[in-house]
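> quick one: sequence and predicted model below, then my questions.
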Amino acid sequence: MADTKARKDPLAPATVEYQYQSGYKIFGLSIPAWRSPLMQVILTGFVCFLCPGMFNALNGLGASGQLDSSVTSNGNSALYTTFAFFGFIAGTALNYFGARATLGFGGLGYALYSGSLLCYNYTKNAAFVIASGAILGVCAAFLWCAQGTVMMSYPTENEKGRYIGLFWGIFNMGAVIGSISPIVQNWNSESSGVVNDGTYVGFIALMVTGAVLAFFLVPPEQIVRKDGSRVAHVRHPSAITEIKGLYQTLISDYYIILLFPMFWASNWFYTYQQNGFNLYLFNLRGRAFNNIWYWLSQIFGAVVFGFILDNVKLGSRKRRAWLGWGILFVIVNVIWGAGYVILHQYPDGRQHQANALNNVKPVPPGIDVYDSRFAGYCILYLFYGFLDAMWQTYAYWLMGALSNDPRKLAYFAGFYKGIQSAGAAVVWRMDAVKYSFEALFGSSWGLCVAGMVFALPVLYWKIQDTELTDADFANDSLVKKVHELEEMKS
């Protein structure tokens, strides 16, 4: 059994209130303590497994399981528009309400959106889908801000990459499991049509479960790491102070602006991959089957890349930052280069999509899992998922390497999701108004390259090989209190 003793000073050695818990052994199997950073990251992973993970499985089918992508693209555009705005102030909500309530509230929006798609099957009420998307944007901004803060601030510095990889693996397993349901229920369909009602009902039930699970999260002040240190206490100042904090973060940490292109690109490529590639090229059975491999590859990519970024045998943290950048840059260009070859094998994609909706030929290829050409295209889609996981892992690792202050990391996470969502709102609207697949593809590749180039000065000047320092908490009264106590002792 793990023991706990009273501890009142948040920065004092872990001997008084919440001592580090070594965990439990059950039948010889070591189980981490519930209040350990590892278990809290795992719990957060399962909340995202059941909420955005299932949403990803649904979206990954192309058009969220519909045939006409216009309605769901407009819904996604509304989603990311509100997400972009509320992503900037989600840190304020987190500081007021805490990660538990913020995470739980965020999960409910996913169930509402899935319900709107089920309703659309019967009523064709596009306005409800768009409104639900807008509400989901607010909820998702809160959920991802809480998730980012937990993932970046709970672990120690040398654990962040592995914990990011672990979280990403659990999260994307949700999309994998979520992809199994539509493929089982729609396996006998050789058409390019709409998924059945049972698929949507299953997603709704799982998403509600995820929202409830969030309320089992432990507050950060109760977390004690292996080395005895604690997650710094997050104050709850006024909303005006928090808004000023966002501005002050831009002033004091101005370099974060150089990462905005990377943030902007991080959800942009989903639109082409899901609607311009998976929806256009494959029938319903092929799309569902591809979806499993897309999200499985994300798990592998996140875990492997997280291990590389945390592997001290590869050198200092700055060296690993450069190594990670180099690997990612090569992967970006190799995978998008292969996609360019496929893109030009199928010209006039938009016209073919319109033909399919109006029962006019020629129509999209409708590639099936039993077609001889299926394997090669499926492998490319798999590597699109692998690239996405590497991109997100590197972005989170890079932000985590820039600070250890949970409040500052909350702002960074808010900026990340806000900028990311602004880009997504634009590109989903581009899809809704039928920009060419060439435009979606070219902008995706170009933004990935630009995002990496703009990040270079941050790597060169701002990535340091230091552990936690007082600079991370320069404005925190707790640090001042510790210094005063040390002076009194001396």
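Here it is on my side, so go on.
> mind listing the helices for the stretch 351-490 of the chain?
374-402, 406-432, 437-461, 477-489 (DSSP state H, counting those that start in this stretch).
> the closest residue to Phe282 other than its chain neighbours: neighbouring residues, count only.
Spatial nearest neighbour of Phe282, chain neighbours left out: Ile367 (4.9 Å); criterion: C-beta to C-beta, 6 or more residues apart in numbering. For every residue, glycine as well, the C-beta is placed using N, CA and C. Burial of Ile367 is recorded as 21 neighbouring residues (other C-beta atoms under 10 Å).
> quick one: the longest helix along the chain to helix 406-432, angle?
Using DSSP state H, we find that the single longest helix of the chain is helix 69-123. Counting by axes from the mean of the first three to the mean of the last three C-alpha atoms, to 10 degrees, helix 69-123 points 90 degrees away from the direction of helix 406-432.
> packing partners for helix 69-123?
helix 37-50, helix 52-60, helix 126-153, helix 197-213, helix 239-252, helix 406-432 (3 or more C-beta pairs under 8 Å, 6 or more residues apart in numbering; DSSP states H and E).
> go again using 7 Å as the cut-off
Of the remaining helices and strands, those touching helix 69-123 by 3 or more C-beta pairs under 7 Å, 6 or more residues apart in numbering; DSSP states H and E are helix 52-60, helix 126-153, helix 197-213, helix 239-252, helix 406-432.
> thinking again about what came up before, deepest of the helices of the stretch 351-490 of the chain, which one?
helix 406-432 (a mean of 25; mean count of other C-beta atoms under 10 Å).
> what's that one packed up against?
On the basis of 3+ C-beta pairs under 7 Å, 6+ apart, helix 406-432 makes packing contacts with helix 69-123, helix 126-153, helix 239-252, helix 260-265, helix 269-271, helix 374-402, helix 437-461.
> mean pLDDT added to these, as TSV?
Converted to TSV, the helices and strands packed on helix 406-432 look like this (pLDDT from 0 to 100):
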stretch	mean pLDDT
helix 69-123	86
helix 126-153	88
helix 239-252	75
helix 260-265	94
helix 269-271	93
helix 374-402	92
helix 437-461	94
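> make CSV from those and add distance to Met54 to it.
Shown next, in CSV, are those (distance: least, C-beta to C-beta, whole Å):
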stretch, distance to Met54
helix 69-123, 7
helix 126-153, 12
helix 239-252, 31
helix 260-265, 24
helix 269-271, 16
helix 374-402, 16
helix 437-461, 24
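> right, and those - which one's nearest Gly414?
helix 69-123 (4.3 Å; C-beta to C-beta).
> and that closest one, how far from the chain's centre?
Centroid separation between helix 69-123 and its chain, computed with C-alpha atoms, centre = their mean, to the nearest Å, is 14 Å.
> likewise stretch 43-50?
The answer for stretch 43-50 is 11 Å, by C-alpha atoms, centre = their mean.
> what about it, average pLDDT?
Across stretch 43-50, pLDDT averages out at 92.
> what does that stretch contact?
Residues from elsewhere that reach stretch 43-50 (C-beta atoms under 7 Å, 6 or more residues apart in numbering): 103, 107, 147, 150-151, 166-167, 170-171, 173-174, 206-207, 209-210, 213-214, 216-217.
> mind doing that once more with 6 Å?
103, 147, 150, 167, 170-171, 174, 206, 209-210, 213-214, 217 (C-beta atoms under 6 Å, 6 or more residues apart in numbering).
> next: stretch 415-431.
So stretch 415-431 is contacted by 73, 76-77, 80-81, 83-84, 87-88, 144, 260, 263-264, 266-268, 271, 275 (C-beta under 6 Å, 6+ apart).
> name the nearest residue to Asn74, sequence neighbours excluded.
Closest to Asn74 by C-beta to C-beta, 6+ apart is Ala432, at 4.8 Å.
> what residues are up against the one you found?
By C-beta under 6 Å, 6+ apart, the neighbours of Ala432 are 70, 73-74.
> export those residues to CSV and tack on neighbour count and distance to Asp197?
Listed next are the contacts of Ala432 as CSV, based on neighbours: other C-beta atoms under 10 Å; distance: C-beta to C-beta, whole Å:
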residue, neighbour count, distance to Asp197
Ser70, 16, 21
Ser73, 25, 22
Asn74, 20, 22
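> what's the closest of these to Ala375?
Nearest member of the contacts of Ala432 to Ala375, counting by C-beta to C-beta, is Ser73, at 28.6 Å.
> how close does that closest one get to Gly339?
Distance, Ser73 to Gly339, using C-beta to C-beta, to the nearest Å: 20 Å.
> and Val332, which of the helices of the stretch 351-490 of the chain is closest to it?
helix 437-461 (4.8 Å).
> touching stretch 117-127 from outside, list them.
64, 71, 128-129, 200.
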